[in-house]
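1. Kindly return the folded structure for what I paste below:
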Amino acid sequence: QVQLVESGGGLVQAGGSLRLSCAASGGFFTNRAMGWFRQAPGKEREFVAAINWSGGRVYYADSVKGRFTISRDNAKNTVYLQMISLKPEDTAVYYCASRRMVISTLVNDYDYWGQGTQVTVSS
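-> Numbering: from 1, shown residues only. Modelled structure (predicted):
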């Protein structure tokens, strides 16, 4: 059973930066792709970024491309989301998720989820 715990969220002014972390336990982290998703109030959960098992392949939503960077440290069973140039529209609960092997942008393709961490960007 894979368990995921996010941290690093908070309140930041527009233009600021945050780094989210997601620590995994209870499973084989190194053979799993990891994704970050977000959900704003009243909206559906949406894809943000994903990284394959080795870290050699990454994919981003157009809305965050050039501002967010996903990375992973398999020795620490942790995936990161570095966010810069934050905008008020980035405000949401951010979730990390895990699935076997290959990257996906689809919510339903991921079988393990963290509890989420709130990111609030003030204007």
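2. Please name the bridge partners of the residue nearest the centre of the chain.
-> Central residue of the chain (Cα atoms, centre = their mean): residue 36, 2.4 Å from the mean position. With DSSP bridges as the criterion, residue 36 is bridged to residue 49, residue 96.
3. And the pLDDT at it?
-> For residue 36, the model assigns a pLDDT of 98.
4. Strands along the protein, start to end?
-> 3-7, 10-13, 18-25, 32-39, 46-51, 58-60, 68-73, 78-83, 92-100, 112-113, 117-122 (DSSP state E).
5. Can you list the strands that the second one pairs with?
-> Sheet neighbours of strand 10-13, with direction, are listed as strand 117-122 (parallel) (DSSP bridges).
6. and the partner strand, how far out from the chain's middle?
-> The chain centroid and the centroid of strand 117-122 are separated by 13 Å, computed with Cα atoms, centre = their mean, to the nearest Å.
7. and residue 17, what pLDDT?
-> pLDDT at residue 17 comes out at 98.
8. And the pLDDT at the residue nearest to it when sequence neighbours are not counted?
-> Of all residues not flanking residue 17 in the chain, residue 84 sits nearest, at 4.6 Å (Cβ to Cβ, 6 or more residues apart in numbering). Using the backbone N, CA and C atoms, a C-beta is placed for each residue, glycine as well. On pLDDT, residue 84 comes in at 98.
9. any chance of the strands of the chain in CSV, plus distance to residue 106?
-> Formatted as CSV, these follow (distance: least, Cβ to Cβ, whole Å):
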stretch, distance to residue 106
strand 3-7, 17
strand 10-13, 28
strand 18-25, 18
strand 32-39, 9
strand 46-51, 7
strand 58-60, 12
strand 68-73, 16
strand 78-83, 18
strand 92-100, 9
strand 112-113, 13
strand 117-122, 21
